[in-house]
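Asker: Mind folding the following:
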Amino acid sequence: MKQLTAILFLSITLISFKAHKYYLALTEIEHNIENKSVQMIMNVFMDDFELAINNDYNVDLKLASKEELKNVDELFTNYLKKHFKISINNKQQSYNYIGKEYDGNIIYFYLEIENISEVKTIDIQNTILTNHFSDQQNLIKAKINGERKSLFLSKKNDKGLLKF
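Answerer: Predicted structure coming up:
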């Protein structure tokens, strides 16, 4: 009977264990010619991002709950600026953190670089979540002047260049 109970408990635990089969974050980049800005939307799995922030900053975010930390946007901004760097036309750029949106288990981050009238190259370094998940891949998709390009970045290859 003890063996049956142990097997049943182990089976329930394995069935209820929730793990990603893949680790992927997507960043979409688009040049808004009218506003002279580069607009970016990054989406990541909420539970993965929460784990990274909790571990890196020794906090308990409790995302999308009534107990969510009040300084969550500051923590997000600090993490993003440390792990997502972008140069446009060979010039390192600072971006504005516009905000975030939760949708199920996805966080959408809205970022913007102002005063960009022309984009010839985009150089990206993206280490989002790679310190916590060795299989993490960060897909970059850019649309500049109607031309679409993309690249995959990972822990072993965290930098990439797109030319337009």
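Asker: wait, doesn't residue 113 sit right on residue 98?
Answerer: No. Residue 113 is not in contact with residue 98 according to Cβ atoms under 8 Å; the separation is 11.0 Å. Glycine gets a C-beta too; all of them are placed from N, C-alpha and C.
Asker: of those two, who's got more company?
Answerer: Shown here are residue 113 and residue 98; by other Cβ atoms under 10 Å, residue 113 has more neighbours (19 against 12).
Asker: what about the strands in the chain?
Answerer: 24-32, 37-45, 84-88, 91-93, 96-103, 106-114, 121-126, 137-144, 147-154, 159-163 (DSSP state E).
Asker: do you know which of those lies nearest residue 67?
Answerer: strand 96-103 (14.4 Å; Cβ to Cβ).
Asker: which parts of the closest one are buried?
Answerer: 97, 100 (16 or more other Cβ atoms under 10 Å).
Asker: Direction included, what does it pair up with?
Answerer: strand 106-114 (antiparallel) (DSSP bridges).
Asker: got the angle between the partner strand and strand 24-32?
Answerer: Between strand 106-114 and strand 24-32, the angle comes out at 30 degrees (axes from the mean of the first three to the mean of the last three Cα atoms, to 10 degrees).
Asker: Just the CA atoms from stretch 95-110 would do, formatted as PDB, please.
Answerer: Output in PDB follows, covering the C-alpha atoms of stretch 95-110 (Å, rounded to 0.1, in the frame of the first residue of the first chain):
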ATOM      1  CA  TYR A  95      15.700  53.800 -24.400                       C
ATOM      2  CA  ASN A  96      12.600  54.900 -22.500                       C
ATOM      3  CA  TYR A  97      10.600  52.300 -20.500                       C
ATOM      4  CA  ILE A  98       7.100  53.300 -21.600                       C
ATOM      5  CA  GLY A  99       5.400  50.500 -19.500                       C
ATOM      6  CA  LYS A 100       4.300  46.900 -19.300                       C
ATOM      7  CA  GLU A 101       1.200  44.900 -19.800                       C
ATOM      8  CA  TYR A 102       0.300  41.400 -18.500                       C
ATOM      9  CA  ASP A 103      -1.500  39.000 -20.800                       C
ATOM     10  CA  GLY A 104      -1.900  35.600 -19.300                       C
ATOM     11  CA  ASN A 105       1.600  34.300 -18.600                       C
ATOM     12  CA  ILE A 106       3.200  36.900 -20.900                       C
ATOM     13  CA  ILE A 107       4.600  40.300 -20.000                       C
ATOM     14  CA  TYR A 108       4.800  42.900 -22.800                       C
ATOM     15  CA  PHE A 109       7.400  45.600 -22.300                       C
ATOM     16  CA  TYR A 110       7.000  48.800 -24.300                       C
END
